[in-house]
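> give me coordinates for this.
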Amino acid sequence: MTFNQSLKYLEKLTVYGIKTGLNHTKIIAKELGNPQNFFPSVLIGGTNGKGSTSAYIESILRESGYKTGLFTSPHLVDVRERIRINGRLISRLLFASGISKIEEVSIKMKSSALIDESPTFFEVLTLLAFLIFKEEKVDIAVVEVGMGGKNDCTNILEPLISLVTNVSYDHQQYLGKSIKEIAKEKGGIFREGKWAIVGITSNLAVKHLREEAKRCRAKFLNLKKREIKKNENCFLLKIDGKEIAFPEPPLAGNHQIENAALAALVCDKLTESGYRISNNEIKKGIEKSRWEGRLQKLGENPLTFIDGAHNVDGIKRLKEFVKTLKGEKILVFTALKDKPIKKMVKILEPLFNEILFTKVDMKRATTREDFQRIFNKEKIIFFEDPMEALEKARKKAGKDGVVIVCGSLYLTGYILLKIKNLKKRLWGSGL
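Down below sits the predicted model:
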């Protein structure tokens with residue numbers, strides 16, 4: 001199987017949509033030799049901040065001399081972004097050979113009635129990551145939960161530490177309509193006798209996550225905002241009787257300070273399992289971290305940022321960042337139909353001089369007519385092509401203004417791919 005053939009195979013699997021529950025994944029994993037049992041891991045769930053926090057943890061571990069595996073989702077430009085060894089995308093050859101093996105096993109199992117349906121897109125990529133981490137003999141893997149936790153196929157792992165960054169509303173059709181239900185699902189990654197670390201989130205979410213940790217006899221630890229202090233040119237995390245220093249993260253937004261603090265805390269707790277990680281390595285690891293599509297600066301004159309915020313909590317965090325910026329502000333926005341679009345736009349609208357709506361090329365995309373209906377307006381400023389919307393926004397903002405692009409990770413991926421293909425960055429007063 002070639003790389004392009006592997007992409008076509010994955011594309012066919014998208015018809016199976018999202019499947020919850022671990023039994024199907026476990027059966028296929030067993031046939032593959034249970035690769036998930038051959039390396040230690042950290043498993044990271046939460047509504048927002050999972051990817052950034054995963055990137056910080058992986059970078060710290062790599063800086064400490066460990067061979068790392070990193071599994072995240074979704075990808076923005078290249079599907080291989082999801083699986084990295086020592087911070088690098090895996091080769092096309094390795095990707096294709098792994099997919100070929102999983103396809104072969106799946107066909108065999110289906111014909112033998114060991115499974116009744118093909119694996120999903122996400123199942124295949126999760127199993128591929130675990131196969132590659134086993135083959136590459138990583139010292140430790142940092143794995144981001146796809147959605148939820150308890151019923152997510154990444155949960156076939158037995159992690160050293162489980163982390164939930166925060167809990168808010170998203171994917172309610174799968175995770176539940178209340179914070180209690182969502183927290184219980186996300187807390188399903190906690191393990192008996194292991195650290196269950198929770199980031200800064202609502203008191204109600206903490207309550208239910210603590211109950212979940214108690215139920216499975218995990219060691220519960222909740223990071224609180226007051227435990228993070230600014231100290232000259234760095235931050236200090238004072239928690240659990242210890243003081244951990246970490247630098248201001250390279251990713252923009254105050255919420256990244258919380259994500260970096262969580263990463264520092266997780267790495268400190270890994271020392272209890274024999275990992276050698278110093279404060280200096282925590283500092284260097286955070287400083288060297290990179291994570292595309294999260295308040296990523298695309299250019300200047302006007303200042304242009306793109307952000308993957310795609311739910312209410314993410315939009316609120318983006319709002320705090322936008323409030324620190326000066327000048328004429330133009331928003332380029334789209335979101336998928338199943339998102340709370342009206343709430344998201346209402347949060348941002350007071351901060352912007354104008355909103356330009358656009359769409360992404362997929363079935364769940366919100367169209368011009370959808371936006372008109374949602375906002376009860378006969379006319380809105382709408383562009384079929386996101387790049388045209390971005391170009392118009394930059395002209396409207398002027399060289400001293402600000403442009404923010406947000407609302408969907410699919411929009412983020414599209415813009416980044418187009419810029420990459422154009423081999424341009426947005427420096428100056430045009431594209």
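> can you list the buried residues in the longest helix along the chain?
Using DSSP state H, we find that the single longest helix of the chain is helix 92-111. The neighbour-count check on helix 92-111 (16 or more other C-beta atoms under 10 Å) flags 94-99, 102-103, 105-106, 109 as buried. All C-beta atoms are positioned from the backbone trio N, CA, C, and that covers glycine.
> who does it touch, helix- and strand-wise?
When contacts are defined as 3 or more C-beta pairs under 8 Å, 6 or more residues apart in numbering; DSSP states H and E, helix 92-111 packs onto helix 3-13, helix 23-31, helix 121-135.
> out of those helices, flag the one nearest residue 215.
In terms of C-beta to C-beta, the element of these nearest to residue 215 is helix 23-31, at 21.1 Å.
> quick check: angle from the closest one to helix 92-111?
Angular relation of helix 23-31 and helix 92-111 on a 0 to 180 degree scale: 110 degrees, by axes from the mean of the first three to the mean of the last three C-alpha atoms, to 10 degrees.
> what packs against helix 23-31?
Contact analysis of helix 23-31 by 3+ C-beta pairs under 8 Å, 6+ apart lists helix 92-111, helix 121-135 as its packing neighbours.
> neighbouring contacts of it?
35-36, 102, 105-106, 108-109, 114-115, 117, 119, 123, 126-127, 130, 153, 156 (C-beta atoms under 8 Å, 6 or more residues apart in numbering).
> check the helices and strands packed on helix 92-111 for me and report the most buried one.
helix 121-135 (a mean of 24; mean count of other C-beta atoms under 10 Å).
> got the angle for that helix vs helix 23-31?
Using the same axes, to 10 degrees: helix 121-135 against helix 23-31 is 30 degrees.
> mind checking how far residue 289 is from residue 264?
12 Å (C-beta to C-beta, to the nearest Å).
> mind checking the pLDDT average for the helix or strand containing residue 235?
Secondary structure from DSSP states H and E places residue 235 in strand 234-239. Averaged across strand 234-239, pLDDT comes to 90.
> give me the most central residue, this structure.
Nearest to the geometric centre of the chain sits residue 51, at 3.4 Å (C-alpha atoms, centre = their mean).
> if I pick that one, what's in contact with it?
Contacts of residue 51 (C-beta under 8 Å, 6+ apart): 72, 144, 291, 294.
> so what touches stretch 248-263?
Identification of contacts with stretch 248-263 by C-beta under 8 Å, 6+ apart yields 48-49, 52-53, 56-57, 60, 163, 165, 197, 199-200, 223, 225, 227-228, 234-235, 237, 246-247, 282, 285-291, 294-295, 297, 305, 317-318, 320-321.
> report the buried members of these.
With burial judged by 16+ other C-beta under 10 Å, the buried subset of the contacts of stretch 248-263 is 48-49, 52-53, 56-57, 60, 163, 165, 197, 199-200, 223, 227-228, 235, 237, 246-247, 282, 285-286, 289, 291, 294-295, 305, 317-318, 321.
> against residue 221, how distant is the closest residue to residue 238 other than its chain neighbours?
Closest residue in space to residue 238, ignoring its immediate chain neighbours: residue 227 at 5.4 Å, by C-beta to C-beta, 6 or more residues apart in numbering. Residue 227 is 11 Å from residue 221, where distance means C-beta to C-beta.
> and for residue 15?
Distance, residue 15 to residue 221, by C-beta to C-beta: 41 Å.
> those two - which one has more neighbours?
Taking neighbours as other C-beta atoms under 10 Å, residue 15 and residue 221 compare with residue 221 leading, 18 against 9.
> give me every residue that touches that one.
Contact partners of residue 221, counting by C-beta under 8 Å, 6+ apart, are 195-198, 239-240, 265, 269.
> domain-wise, how is this protein divided?
What automatic domain parsing lists as the domains of the chain is 3-287, 296-427.
> hmm, residue 111 and residue 118 touching each other?
No - taking contacts as C-beta atoms under 8 Å, residue 118 lies outside contact range of residue 111: 11.5 Å.
> quickly find the element holding residue 419.
Counting by DSSP H and E, residue 419 is part of helix 409-422.
> could you measure from the residue of the chain most remote from its centre over to residue 167?
Here the centre of the chain is the reference, and by C-alpha atoms, centre = their mean the most remote residue is residue 112, at 36.3 Å. Using C-beta to C-beta, residue 112 is found at 41 Å from residue 167.
> cool, residue 67 as well?
Using C-beta to C-beta, we find residue 67 at a distance of 32 Å from residue 167.
> between the two, which has more neighbouring residues?
Just comparing residue 67 and residue 167: by other C-beta under 10 Å the higher neighbour count belongs to residue 167, 29 against 16.
> kindly present the buried residues of helix 92-111 as a markdown table, with separate columns for distance to residue 79.
As requested, those are exported to a markdown table (distance: C-beta to C-beta, whole Å):
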| residue | distance to residue 79 |
| --- | --- |
| 94 | 13 |
| 95 | 8 |
| 96 | 11 |
| 97 | 15 |
| 98 | 12 |
| 99 | 10 |
| 102 | 14 |
| 103 | 15 |
| 105 | 20 |
| 106 | 18 |
| 109 | 23 |
